[in-house]
Every structure is written in C-alpha cells, then in structure tokens.
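Engineer: Generate a structure from the sequence data that follows.
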Amino acid sequence: MLFDIDYKAVGQRLIPYFLRKTRTIAFLDSIMKALEDVNNLLVTTRTDLQFKLTFNAQIIYLTEYLNQTHDPVLKRIFIEDSSVVRDTYWFRLADAQSAIYLFRDSEGAAPYYLLRHSEVVGGVDYIIHFPAAVSFDQDVVRNQVNVYNLAGRVYTIVTP
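Structural biologist: Got it, this is the predicted structure:
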C-alpha cells in the first residue's frame, strides 16, 4: 500500500546510534504513535472516499450504492422515474391534434383540470422503492441519497 510506513523503524533510524538508549527510543515511540494514528486515519478516510467516488447520481449507480449499503445479498432496492404529468397544450384546428373536450358540471363528465406550471413542478422526479423486509432508517437513507442527488431533483422513499 502507498501509505504503509513502519514509524518505529523510521524513528529509530533517524536518531544517531550513540543516542539510541531505552528511554530515548521509548520517547520516540510515543511521538511516532501519534503519527501512526494520523496515518491510520488517512488510510481509512482514503478507503471511504474511494468507495464514495465510485458512485454518482445516475440511477444505476445510485441503486447499486443503496443495495450495497442496505441489501447486499438480494439487492431488492430499485429506483423508478415517477409518473410524468403530460402537459396540455392549446392548438389550432389546423394543427390536427386530438381534441380535449371541456364539459359543464351539469353534464356529469369527469373534471379536467388545467394546471399552472408551478403546480405541475411540485411532484417528485424519482421514487426509491425499499422492500418491506429491509429495515432502514429513513434519515440515514436521505443523507446517503442527498450526497449524490442532483440539485433540483426531488425524490421520495416508498416501502410496500
């Protein structure tokens, strides 16, 4: 490994041979222990960052990340795009589009609502499905997904 250093040996080699007494070596080992702890922290942080950097906001990688952290054996967690609300446009007769008919209340037809753009945008962009057999903390999952979630993307977590 790149960061595998024997700090005791390095410290003992750096002092002159005539100063290599038991007390001096013990003092040097106590100082080198702090450096060794910092090195171990560096190695674990490096390993964690390498794991995090293998994933990104693409659905396939985000699904794999959630499966590795919460359901590594069966991999039952999946992500789907939410149902897309189809925009309604007004056309001229010359455009030859299919007609949308508006009815009165007295005619008893199902109501058709025209939504403003701000009302349509309020939905979710994707849905994360967790199986009922997988136990998870929703706050932990939200924090994990928020690391990779793109700005402006809204999601929800669903369990059956």
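Engineer: quick one: contacts for the residue nearest the centre of the chain?
Structural biologist: Residue closest to the mean C-alpha point of the chain, counted by C-alpha atoms, centre = their mean, is Val145 at 3.1 Å. Shown in contact with Val145 (C-beta atoms under 8 Å, 6 or more residues apart in numbering): Leu62, Leu66, Ile128, Tyr155. C-beta coordinates here come from the backbone N, C-alpha and C atoms, glycine included.
Engineer: Just read off the phi/psi values of the third one.
Structural biologist: What that stands for is Ile128. Note on Ile128: its backbone torsions stand at phi -100, psi 120 [degrees, to the nearest 10].
Engineer: which of the contacts of Val145 count as buried?
Structural biologist: The neighbour-count criterion (16 or more other C-beta atoms under 10 Å) marks Leu62, Leu66, Ile128, Tyr155 among the contacts of Val145 as buried.
Engineer: For those residues, work out which two are farthest apart.
Structural biologist: The largest separation in the buried ones among the contacts of Val145, counting by C-beta to C-beta, is between Leu66 and Tyr155 at 11.4 Å.
Engineer: between those two, what contacts are shared?
Structural biologist: Residues touching both Leu66 and Tyr155 (C-beta under 8 Å, 6+ apart): Ile128, Val145.
Engineer: circling back: need the buried ones among the contacts of Val145 in a markdown table (columns: pLDDT and secondary structure).
Structural biologist: Output for the buried ones among the contacts of Val145, formatted as a markdown table (pLDDT from 0 to 100; DSSP: H, G, I helix; E, B strand; the rest coil):
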| residue | pLDDT | secondary structure |
| --- | --- | --- |
| Leu62 | 95 | helix |
| Leu66 | 96 | helix |
| Ile128 | 93 | strand |
| Tyr155 | 91 | strand |
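Engineer: Can I get these in a markdown table including distance to Leu14?
Structural biologist: Shown next, in a markdown table, are the buried ones among the contacts of Val145 (distance: C-beta to C-beta, whole Å):
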| residue | distance to Leu14 |
| --- | --- |
| Leu62 | 48 |
| Leu66 | 48 |
| Ile128 | 54 |
| Tyr155 | 54 |
